[in-house]
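In: Take this sequence and fold it.
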Amino acid sequence: MVRRRRRCGRCEKRFTTYERAEIALPWVIKRSGTRVEFDVSKMRASMRLALKKRQVSIEQLEAAIERIQEKLLACGEREVPTTRIGELVLAELRHIDKVAYVRFASVYRSFEDVDEFSRLIGDI
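Out: Residues are numbered from 1 along each chain as shown. Prediction:
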């Protein structure tokens, strides 16, 4: 954020303005093929659900969300599939909390049986 001191052309009074760059995150291509704007609140809600009752601070969660957004911006693409975002979330959760990682993966990958859980836990 940039802070600027300015002067009114009419009354000559000084005032402060704050400027910040708008970040254009890519559009999201859903599994159905529809395109929607990236909504960080949806991602935050799903990560919070996976982290429910876990000893992870809000700062850790927000830092992870920031890293995901930076990766999306760095890719330079105008559109990204939901699968790409899901994999980025999984990677962050794996570093933050293993239980949250398994919770998110079980829903994201639609586990059907216990064997899929054991394979995932074996990979950790």
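In: Need the contact partners of the lowest-mean-pLDDT helix or strand in the chain.
Out: The weakest-scoring helix or strand in the chain, judged by mean pLDDT, DSSP states H and E, is helix 114-123 (a mean of 72). Helix 114-123 is contacted from outside by 102, 105-106, 109, 111, using Cβ atoms under 8 Å, 6 or more residues apart in numbering. Where you see a C-beta, it was placed from the backbone N, CA and C, and this is true even at glycine.
In: go on, stretch 79-91?
Out: Contacts of stretch 79-91 (Cβ under 8 Å, 6+ apart): 26-31, 35, 38, 43, 46-47, 68, 71-72, 101, 104-105, 108.
In: Out of those, list just those in helices.
Out: 43, 46-47, 68, 71-72, 101, 104-105, 108 (DSSP state H).
In: Just the buried residues from the residues you listed, in ChimeraX please.
Out: In ChimeraX syntax, the buried subset of those is picked out as below (16 or more other Cβ atoms under 10 Å):
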select :43,46,47,68,72,101,104,105,108
